[in-house]
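Undergrad: only geometry, no sequence info:
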């Protein structure tokens, strides 16, 4: 009995091995959390690559976003992970590189097309090694219901005063909820709230880097002021916003019941499919007319190479292609709202995506303040920022109180802030 | 044991029948339990697991922030448990008493209807109640409006002071069928002679339940309390599906399970720390162990049992 079992095991593995030998094509497997994009990869991106590179087959094998990090880590430990690894920005990928799972890629030809800011999400702290090829960023701003704006008679706001005047007017009109956001899921308050409007106050990269160096504190005016603005949002959110979830907010807006939606550009394709009214977008309003504007243009997704890949040459070919203009064009148009991080001049067809990306030329780009280095310790600054932003909006704590709390937490483990 | 009677053949079938359960239980419960205990005594330093003794526990109870999260979670677990004990089990007993009343018609319908939520997945229960209570689309505000009590409505799941109680009551709704079934079975097992004798002595109605039936089902109530205790201190699913891993608002629904999840697997930018996570899991295990021991040695031995 046992013999039969062993024999059959041997036989199957031999058959499997023979199958591998027979296949002349090299097959690359991509690990990813973007299961939403499966069809786009299968129908658009992979065929384009395979047409250019005969002999290399590519398989896109995504897992659920919430499980991705844990699943990927186990696969890498077990040696069964794919050849190409989709990289989360900053520490999640950095720890993979430190553990020897991701290969350095800074010497690839394709890497010439990326700026240092684009590479910052996937480089070591001293920027000497880059371990993933940047694919796309997401930009924050506000999406608005253009029909509602016209009906109520408000113009697109450019300053904070205009912004709140517009909200007041929409509220007084009563037909539309001024702003669709809830605090139940917490992250919107931080990501679409604090990190959306914040760069205007802390002056983008200038403030972010000063915070990392320890030259600024979270209790400085630039970091407290965004919480003060968030506290004012409360009056413009819907009844019971405390229990309003992220999908609730999305539905409120796409059903045409809300006028303004604090957004990330990843919403674009979903909103295009759902909303039946005209939409527009504006960047976070500045304090005074004529001020320099800053936007959160956050490095979000990249692709790296598994050091244990059996086909490193083919994997490098693919990564070089990811750095090319052809890929940038394909990806940005297949997924409007995910903007290429490369220096190539990408033409996008979607008007809303065009509006978002146009801010890159008039405003200064920065990334989310909590992502690089500052969320490495315990208490985790990103998680605390979610909690703090919610507290500021609800009014359970003042802007000064939450800032003091965050600073205390950061200073408890981060040396430059001690 | 075989020496007692040498003529008797070894009873291999006992081992054979026990084997599957023992093997499976050892592989998926006992080994991981010891693995967790072991993991909690180590710490990752420069990519190596180093033995650090009880240092993780010192951090957990000594560090101001860790201790605050831990005690907050334990306190929430306790509130969760108390609400179950005060609401779920009395209602379960009441329902069982009503069900066992001989005058009740449609008994099996009620029994099934009340038991159905128990077999539903946490995910369904969590999302369904989130929708019911939603201030935007939910039917709860509309229902309250119909009876003129709209002013009582609040976004319960989003308010710090109500969220934990709301979730506890949702869980009570889901699981009230279990005490009901166990007590119902216990009530049915009371011999008719006892009841008849009571009736002859003039004990009927409520005092019959209070003086005859309740003492006879006390052991079952004890078992239910232990099950509730273990279940509530292991709670995770409902809170995770309804409030997410951060157990908002402002950690007011954070239980040991969600704290363990965030610590062990990481959350968003927070990287997972299996060692600290195991320390929390071990603390959870000890809390439950102590609770169960208190019951087994302190209460169960004093319960009087009746043989018929």
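TA: That came in fine, so what should we check first? Only a predicted model underlies this, so the values are computations on that prediction, with no experimental measurement involved.

Undergrad: quick one: least confident helix or strand in chain B?
TA: Across the helices and strands of chain B, mean pLDDT, DSSP states H and E gives its lowest value to strand B:270-271, namely a mean of 78.

Undergrad: after it, next one along is what?
TA: helix B:274-293 (DSSP states H and E).

Undergrad: buried residues, that following helix. List them.
TA: B:274-285, B:287-288, B:291 (16 or more other C-beta atoms under 10 Å in any protein chain shown). Bear in mind the C-beta positions are built from the backbone N, C-alpha and C, glycine included.

Undergrad: okay, residue 28: pLDDT?
TA: Just going to use chain A. The score at residue A:28 is 93. That number is its pLDDT.

Undergrad: the intended chain is chain B.
TA: 93.

Undergrad: what's the answer for the one 3 residues further on, then?
TA: With respect to pLDDT, residue B:31 has a value of 95.

Undergrad: what does residue B:7 give?
TA: Looking at residue B:7, the pLDDT reads 68.

Undergrad: over to residue A:20?
TA: 46.

Undergrad: got the phi/psi numbers for the closest residue to residue B:277 other than its chain neighbours?
TA: Using C-beta to C-beta, 6 or more residues apart in numbering or on different chains and skipping residues adjacent in sequence, the residue nearest residue B:277 is residue B:264, 2.7 Å away. Backbone torsions of residue B:264, given as degrees, to the nearest 10, read phi -70, psi -50.

Undergrad: please tell me I have it right and residue B:264 contacts residue B:273.
TA: Yes. Between residue B:264 and residue B:273 there is a contact at 7.2 Å, judged by C-beta atoms under 8 Å.

Undergrad: adjacent strands (with direction) for the least confident helix or strand of chain B?
TA: strand B:266-267 (antiparallel) (DSSP bridges).

Undergrad: for the stretch 251-400 of chain A, what lies in contact range of chain B?
TA: A:252, A:370-371, A:375-376, A:378-383, A:386-387, A:390-391, A:394, A:396 (C-beta under 8 Å from any C-beta of the partner chain).

Undergrad: buried ones among those residues?
TA: Buried, going by 16+ other C-beta under 10 Å: A:252, A:370-371, A:375-376, A:378-383, A:386-387, A:390-391, A:394, out of these.

Undergrad: could you find the closest non-adjacent residue to the residue nearest the centre of chain B?
TA: Closest to where the C-alpha atoms of chain B average out (C-alpha atoms, centre = their mean) is residue B:231, at 2.0 Å. Nearest residue to residue B:231, sequence neighbours excluded (C-beta to C-beta, 6+ apart): residue B:175, at 7.6 Å.

Undergrad: wait, isn't that neighbour in contact with residue B:118?
TA: Yes. Residue B:175 is in contact with residue B:118 according to C-beta under 8 Å; the separation is 5.8 Å.

Undergrad: who has more neighbours, those two?
TA: Set residue B:175 next to residue B:118 and count neighbours by other C-beta atoms under 10 Å in any protein chain shown: residue B:175 wins out with 22 against 15.

Undergrad: for chain A, see how far away that one is.
TA: Applying C-beta to the nearest C-beta, to the nearest Å, the value for residue B:175 to chain A is 23 Å.

Undergrad: for chain B, what spans make up the strands?
TA: Using DSSP state E, the strands of chain B run over B:42-45, B:48-51, B:266-267, B:270-271.

Undergrad: pairing partners for the second one, with directions?
TA: When pairs are called by DSSP bridges, strand B:48-51 turns out to pair with strand B:42-45 (antiparallel).

Undergrad: any idea how far the strand it pairs with is from the chain center?
TA: 33 Å (C-alpha atoms, centre = their mean, to the nearest Å).

Undergrad: ditto for stretch A:246-260
TA: 21 Å.

Undergrad: that one: which residues count as buried?
TA: A:246, A:248, A:249, A:250, A:251, A:252, A:253, A:254, A:257, A:258, A:259, A:260.

Undergrad: show me those that map onto strands.
TA: Using DSSP E, those in strands are A:258, A:259, A:260.
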